[in-house]
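Participant: no sequence on this one, just coordinates:
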């Protein structure tokens, strides 16, 4: 076992901090959409930093190449998986947190549906569609 | 060196237990799916720690294969969630 160097230790330490804080967000945040945002972004960056540290401090060139390949693969696939989960959650009927202030996807898909927590009544669907058509 | 890698492994284990808490507690199925996806990404970090610990590079093969299979499983679970609609 040889030493891995200071740069690799710093990269792995920062990546570990991002991983732990992302999982704390996964536990603490109130909503599945908030959770998927916090956890996916933090854990993707953290694991990519750990893979970069492995590439810097690894014992062989094969390990470095495979670590960089894994980092590129996680960077490509993790946002796609998070987007698919959020879309599936919305389509399966999971409600937003009651403190949420904006639902652009729902307004676009169902313009006639009003949110119950909204204070003033929402404009009806025809008016919204007419305003959208008249807008440049 | 050994102390550093043990610390990293302990931190990743803490993160993995936080994910397990969300898998067990999560009120809806997408919460559990998110936690499973994050757990699969954390396992790649564990494979990195094992590769640095032993100096063997085949742990990186395991990491790449694990990332691939985790992605495919997450996409399959997301499509399953998407097909189950309550209001349409």
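Facilitator: On my side now, so go ahead. Since we're looking at a predicted model, the values are computed, not measured.
Participant: any idea which element the nearest residue to residue A:66 once chain neighbours are set aside lies in?
Facilitator: Nearest residue to residue A:66, sequence neighbours excluded (CB to CB, 6 or more residues apart in numbering or on different chains): residue B:60, at 3.5 Å. All C-beta spots, glycine's among them, are computed from the backbone N, C-alpha and C. Using DSSP states H and E, residue B:60 falls within helix B:58-83.
Participant: in that helix, what counts as buried?
Facilitator: By 16 or more other CB atoms under 10 Å in any protein chain shown, the buried positions in helix B:58-83 come out as B:59-60, B:62-64, B:66-67, B:70-71, B:74-75, B:77-78, B:81-82.
Participant: Identify, from those residues, the entry nearest to residue B:31.
Facilitator: Closest approach to residue B:31 among the buried residues of helix B:58-83 (CB to CB): residue B:81, at 10.9 Å.
Participant: who are the neighbours in contact with that closest one?
Facilitator: A:85, A:88, A:89, A:91, A:92, B:29, B:30, B:33 (CB atoms under 8 Å, 6 or more residues apart in numbering or on different chains).
Participant: By neighbour count, which of the residues you listed wins?
Facilitator: residue A:85 (28 neighbours; other CB atoms under 10 Å in any protein chain shown).
Participant: Using the three-state scheme, assign that residue.
Facilitator: Here residue A:85 is recorded as helix under DSSP: H, G, I helix; E, B strand; the rest coil.
Participant: and it, how far is that from chain B?
Facilitator: From residue A:85 across to chain B, the span is 5 Å (CB to the nearest CB, to the nearest Å).
Participant: thinking again about what came up before, out of the contacts of residue B:81, list just those in helices.
Facilitator: Mapping the contacts of residue B:81 onto helices (DSSP state H) picks out A:85, A:88, A:89, A:91, B:29, B:30, B:33.
Participant: now those in JSON lines, with pLDDT?
Facilitator: Compiled in JSON lines, the ones in helices among the contacts of residue B:81 are given as follows (pLDDT from 0 to 100):
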{"residue": "A:85", "pLDDT": "92"}
{"residue": "A:88", "pLDDT": "88"}
{"residue": "A:89", "pLDDT": "88"}
{"residue": "A:91", "pLDDT": "83"}
{"residue": "B:29", "pLDDT": "88"}
{"residue": "B:30", "pLDDT": "89"}
{"residue": "B:33", "pLDDT": "91"}
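Participant: Max pairwise distance over these: which two?
Facilitator: Between any two of these (CB to CB), the greatest distance is 13.0 Å, for A:91 and B:33.
Participant: quick one on the thing from earlier: can you tell me which of the contacts of residue B:81 is nearest residue A:28?
Facilitator: Distances from residue A:28 to the contacts of residue B:81, taken by CB to CB, are shortest for residue B:30, at 17.1 Å.
Participant: do you know how far the residue nearest to that closest one when sequence neighbours are not counted is from residue B:77?
Facilitator: Leaving aside its chain neighbours, residue B:30 sits nearest to residue A:89 (3.5 Å; criterion: CB to CB, 6+ apart). Here the criterion is CB to CB, to the nearest Å. By it, residue A:89 lies 11 Å from residue B:77.
Participant: Overlap of the contact sets of the two?
Facilitator: Contact with both residue A:89 and residue B:77 is made by residues residue B:33, according to CB under 8 Å, 6+ apart.
Participant: where along chain A do the helices fall?
Facilitator: Using DSSP H, helices in chain A cover A:6-28, A:32-57, A:61-91, A:104-109, A:125-134.
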